[in-house]
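**Q** Predicted structure and sequence below. I'll ask about it afterward.
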Amino acid sequence: MATVQPVRVSPLGHLENLRLTSSTQRNVRHIQPAKRGDQDIPVRTTDKKSPMKQSAGSKHPSENHTRDVVDDQINHELTKARYRSLDLADLMFGRFVTTRLARDILDRFLADGTVTCEEIKPNEGEETRHALNAAYADAVAHACIRSDAPLDEPTPELETTHQWSWPKFPTTPINENKLVAFLNSVADSALSTARSILQDDSLQPRNRFAAPVDKNHAIPLSYEPDGEDMRPDFMVLPLAAFSDDEELEVKEAYVNFTAMLLAGESKSARNAREGLIQVQRYMRGIKRAQPWLRFATGMTVGKDFVALLRGDCSGLERIELSLTDGRGCIEFIRIILGIVLADKKAFGHNPDVEIGERNVSVDIPELRPAATLRTGPSFMTSGSTSQSAIPPTFSEYASNSGTPYSASVDLPSVDQPSATSSTGSKSGTPSTGSKRGPDDEMSQGKRSKRRKRTVTLRAFVPVRVHGRECIGILFTSGSIRGRGTTVYVVAAAGDGKTYFALKTSWQDVARADDQAAVLKKLSEHKPHPNVIIPSRLFDPMAKDRRVDSTLGSIRALLDDEMQKLKVENRILVVTISELRRPVGYFWSPHDFVRGIIGALLGHQYLCRIGILHRDVSENNIVLALCRDKLGNELGALIDFDMAIVGPPNMQENSKPPPRKQSAEELLSFVGTSALVPTDDQPYKAQRTGTTPYMSIDVLRGEPHTHFDDIESFLYVLVLFFLSYKGPLQKEALRQAQAQGFIQPAGAGRLPHVTTWPAMFERWASGTFQEISERKYFALSPASHAGFIKDCFPLLRERWAYHSP
């Protein structure tokens, strides 16, 4: 039997159950930062430490989640973290489709007319065969370097002498269904040809391309509160999402973000920029709906180009290929066939998280007539997945026996004038290439008024996490780049009734020593009732275990190669702690105030023993579950990801730093601030705080002190009363505690959450200089009285009808 391909081995471990064991490494000659100005937005930095950044991850549900806001914050978080990696296709799919196999498939495609190749410069004696061989040599030169290849071998400079084309590629404007049919046709033909070439009928497909069933509304279960355009033009779903007959019709139940392996956008224009921006948003949606993923995958396809993107917690890699080029055609075949053959690990699945399926009933807008999609005949066969999941609502709690549950969730319907397939126009008329209808003429962020229908979706949910039974997801702040913090509610191994909070996050290795020092300092002192101390399940840097890192185990870079990339390397850290009540589940305003008092006492204790928290926010304050033996109902402080060790009794031995008082001083500071890190300075994504809760001095780039933490407590207090319109109903609160406060798939934000007023929304958007100005002028001695006066109508609007 012919071998399939050489196998790529990570420098931090080896792949198992593969046919060959020859090692490879990244072709770092072809991994280059995106050009300056390539979608990057300047972000302030003042020293060699990790600078602050805007993020699309840790957004409060009351913040604006519209498309423009999310795109802007994704742009911020990916500053200096986008890389063009021309060996990305080989890295992701090389163990499924070799360059040689893709070349042989292209040879067959040339013979049957699937691909054509014409000479640009005739009478030079070049033949198609020579052009194919040249394209193959070019693809090999740009792929990962095999163990037997010299590392200093230059990449040949090839002159384009032939024009390649795919005659059956959909014409402009590109229709979604026709594009999906074309991609599946290429995949089917490539798979059939690969079986013939390798004489191996054991090659079986695992996935398939699909288009949305509903062409006018957002795809469900995107884990977003509302107001965000989340409808990719095409996606990749597991084969279980398709019918068993020859038509392979996609099952609407699987068209949701929890089942999506890859999100794609089609663009008729030659410029792929708009498609890349939109795909980044969809990749963020995948990571928020599936926070256990180690990375998310996206794709942009146009008439003569294709781009493959992969985003991990250190940033984004992408490869852009021309379909009019021979090498581009070879890589296109590798990508399409690789996507069809790839297992879940190739799309970022974490093997320590076991995934099951569960039925979830949701209300979505009614379909228009003739919206059913058929993907065309194929010889593929389907498979199935194990079933298990989490309860969907407070009123219907399902046990972990695997019995399907049903819940009605009013999901947002986002109809925006700038469709995902458009070129960014915000008028009521869809721009060229748009497939949206008249319903798109709605203002951004508004729900559709169309009639709803209830559908049952197949949601993919975690059932076991690192060997523990998973009840559900408590919290996720996943975006493309950043810590990607996710908190799971897991059951105790003994009785299954006691719940704990299991947290996973990707921490900057540069902070490993600081985090170890903080945990050591905490262990040396008596536990405090208002501080929740986590325990690590394992040492992420232990020599006897494989280190799961973004640049090592995901991107497969060697140690010396990591130093050349100006982004942080992140390692997966897993901790477990006792479960407390999130602030959003407060019983009354007094209950919340008691939580703040407890967190302040916990912060005082930390300052006394010499620990500076540096990330005080609503998410890092928890309320008591029940009254303790002494009758206390105080809250606690959690999360030490950004904490550092400082001098003991810092709250007694220091004075507040002097603050710039005048507007002239502040504007002078902003005007002279460095906006962009130097090219030789690593740009990292670490922050000391969550944007709306950051102090004015921290926003200005001053060193973080415990006074800044106290100022953050003030913002927690102010924003709380503007984030909610009273507590949830008592019965809902009781049932929420019984279920561990998990967030059901597709439930969106809690019903008592309300959007921040515009004056406070500006505390979360814009540059850090702008946010510091707004906070300063609102709270300065000259204007704070008017600021407080303006808050009273807002508070009455939200709390006047509240009854405890």
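**A** Structure received.

**Q** helices and strands around the helix or strand where residue 164 lies, which ones?
**A** Using DSSP states H and E, residue 164 falls within strand 162-165. Other helices and strands packing on strand 162-165, by 3 or more C-beta pairs under 8 Å, 6 or more residues apart in numbering; DSSP states H and E, are strand 116-119, helix 326-341. C-beta coordinates here come from the backbone N, C-alpha and C atoms, glycine included.

**Q** so what strands line up beside it?
**A** Neighbouring strands of strand 162-165 in its sheet, by DSSP bridges, are strand 116-119 (antiparallel).

**Q** The helix or strand that the strand it pairs with is followed by - contacts with which helices or strands?
**A** Counting by DSSP H and E, the next helix or strand C-terminal to strand 116-119 is helix 128-142. Contact partners of helix 128-142 among helices and strands, from 3+ C-beta pairs under 8 Å, 6+ apart: helix 99-112, strand 116-119, helix 326-341.

**Q** Which helix in the protein has the most residues?
**A** Assignment by DSSP state H gives helix 176-198 as the longest helix of the chain.

**Q** and the angle for it with helix 99-112?
**A** Helix 176-198 and helix 99-112 are oriented at 110 degrees to each other (axes from the mean of the first three to the mean of the last three C-alpha atoms, to 10 degrees).

**Q** ok, back up a step: could you check the helices and strands packed on strand 162-165 and tell me which one is nearest residue 143?
**A** Among the helices and strands packed on strand 162-165, helix 326-341 comes nearest to residue 143, with 8.8 Å by C-beta to C-beta.

**Q** Over the closest one, what's the mean pLDDT, rounded is fine.
**A** Mean pLDDT, computed over helix 326-341, is 95.

**Q** list the helices and strands it packs on?
**A** In terms of contacts (3+ C-beta pairs under 8 Å, 6+ apart), helix 326-341 is packed against helix 88-93, helix 99-112, helix 128-142, strand 162-165, helix 176-198, strand 207-210, strand 305-312, strand 315-322.

**Q** Would you mind giving the ones you listed as JSON lines with mean pLDDT added?
**A** Output for these, formatted as JSON lines (pLDDT from 0 to 100):
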{"stretch": "helix 88-93", "mean pLDDT": "93"}
{"stretch": "helix 99-112", "mean pLDDT": "94"}
{"stretch": "helix 128-142", "mean pLDDT": "83"}
{"stretch": "strand 162-165", "mean pLDDT": "88"}
{"stretch": "helix 176-198", "mean pLDDT": "95"}
{"stretch": "strand 207-210", "mean pLDDT": "96"}
{"stretch": "strand 305-312", "mean pLDDT": "94"}
{"stretch": "strand 315-322", "mean pLDDT": "92"}
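
**Q** Those into JSON lines, with extra columns for distance to residue 235 and mean neighbour count?
**A** Formatted as JSON lines, the helices and strands packed on helix 326-341 follow (distance: least, C-beta to C-beta, whole Å; neighbours: other C-beta atoms under 10 Å):
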{"stretch": "helix 88-93", "distance to residue 235": "17", "mean neighbour count": "26"}
{"stretch": "helix 99-112", "distance to residue 235": "23", "mean neighbour count": "20"}
{"stretch": "helix 128-142", "distance to residue 235": "27", "mean neighbour count": "19"}
{"stretch": "strand 162-165", "distance to residue 235": "26", "mean neighbour count": "19"}
{"stretch": "helix 176-198", "distance to residue 235": "9", "mean neighbour count": "20"}
{"stretch": "strand 207-210", "distance to residue 235": "6", "mean neighbour count": "26"}
{"stretch": "strand 305-312", "distance to residue 235": "14", "mean neighbour count": "25"}
{"stretch": "strand 315-322", "distance to residue 235": "18", "mean neighbour count": "23"}
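
**Q** Ok, which of these comes nearest residue 714?
**A** Here strand 315-322 is closest among these (C-beta to C-beta), at 33.6 Å.

**Q** quick one, the closest one and helix 326-341 angle?
**A** Counting by the same axes, to 10 degrees, strand 315-322 lies at 120 degrees to helix 326-341.

**Q** angle of strand 315-322 against helix 128-142?
**A** Going by the same axes, to 10 degrees, strand 315-322 makes 170 degrees with helix 128-142.

**Q** Give me the residues contacting strand 315-322.
**A** Contacting residues not belonging to strand 315-322 are listed as 31, 78, 81-89, 272, 276, 280, 304-311, 327-328, 331-332, 480-481, 555, 567, 685 [C-beta atoms under 8 Å, 6 or more residues apart in numbering].

**Q** Just the buried ones among the residues you listed, please.
**A** 31, 78, 81-89, 272, 276, 280, 305-311, 327-328, 331-332, 480-481, 555, 567, 685 (16 or more other C-beta atoms under 10 Å).

**Q** Now find how far off-centre the strand holding residue 164 is within its chain.
**A** Remark: strand 162-165 is offset 36 Å from the chain centroid, using C-alpha atoms, centre = their mean, to the nearest Å.

**Q** ok, now stretch 758-770?
**A** Worked out by C-alpha atoms, centre = their mean, stretch 758-770 lies 23 Å from the chain centre.

**Q** What's the local residue count around residue 564?
**A** Residues lying near residue 564 (other C-beta atoms under 10 Å) number 9.

**Q** How about residue 520?
**A** By other C-beta under 10 Å, neighbour count at residue 520 equals 10.

**Q** out of the helices and strands packed on helix 128-142, which comes closest to residue 190?
**A** Between residue 190 and the helices and strands packed on helix 128-142, the shortest gap by C-beta to C-beta is with helix 326-341, which sits at 4.3 Å.

**Q** could you check the angle strand 305-312 makes with the closest one?
**A** Relative orientation of helix 326-341 versus strand 305-312 (the same axes, to 10 degrees): 50 degrees.

**Q** Following element in sequence after helix 326-341, please.
**A** Helix 326-341 is succeeded, C-terminally, by strand 353-365 (DSSP H and E).

**Q** Low-confidence stretches in the stretch 301-450 of the chain?
**A** 367-450 (pLDDT under 70).

**Q** at 90 instead, please
**A** Applying pLDDT under 90 to the stretch 301-450 of the chain flags the ranges 302-305, 360-450.

**Q** Go ahead and name everything in contact with stretch 485-494.
**A** Stretch 485-494 is contacted by residues 57-58, 291-292, 400, 462, 465, 468-478, 497-505, 576, 579, 641, 740-742 when judged by C-beta under 8 Å, 6+ apart.

**Q** Got a quick PyMOL command for the buried subset of those?
**A** This is the PyMOL syntax for the buried subset of those, where burial follows 16+ other C-beta under 10 Å:
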select buried, resi 57+58+291+292+400+462+465+468+469+470+471+472+473+474+475+476+477+478+499+500+501+502+503+504+505+576+579+641+740+741+742
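
**Q** Now intersect the contacts of stretch 485-494 with the strands, please.
**A** Counted as lying in strands by DSSP state E, out of those, are 462, 465, 468-476, 499-505, 576.

**Q** Just want the phi and psi numbers for residue 743.
**A** phi -100, psi 110 (degrees, to the nearest 10).

**Q** give me every residue that touches it.
**A** Residue 743 sits in contact with 472, 473, 474, 475, 476, where contact means C-beta under 8 Å, 6+ apart.

**Q** Give me the distance between stretch 598-614 and the centre of its chain.
**A** The answer for stretch 598-614 is 31 Å, by C-alpha atoms, centre = their mean.

**Q** Pull the CA coordinates from it and hand them back as PDB.
**A** The C-alpha coordinates for stretch 598-614 follow below in PDB (Å, rounded to 0.1, in the frame of the first residue of the first chain):
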ATOM      1  CA  GLY A 598     -16.100  41.000  51.300                       C
ATOM      2  CA  ALA A 599     -14.000  41.600  48.200                       C
ATOM      3  CA  LEU A 600     -12.500  44.800  49.700                       C
ATOM      4  CA  LEU A 601     -11.600  42.800  52.900                       C
ATOM      5  CA  GLY A 602     -10.000  40.200  50.700                       C
ATOM      6  CA  HIS A 603      -8.000  42.900  48.900                       C
ATOM      7  CA  GLN A 604      -6.900  44.400  52.200                       C
ATOM      8  CA  TYR A 605      -5.700  40.900  53.200                       C
ATOM      9  CA  LEU A 606      -3.700  40.500  50.000                       C
ATOM     10  CA  CYS A 607      -2.100  43.900  50.400                       C
ATOM     11  CA  ARG A 608      -1.200  43.000  54.000                       C
ATOM     12  CA  ILE A 609       0.700  39.800  52.900                       C
ATOM     13  CA  GLY A 610       2.300  41.500  49.900                       C
ATOM     14  CA  ILE A 611       0.200  40.600  46.900                       C
ATOM     15  CA  LEU A 612      -1.100  43.200  44.300                       C
ATOM     16  CA  HIS A 613      -4.200  41.900  42.500                       C
ATOM     17  CA  ARG A 614      -4.200  44.300  39.500                       C
END
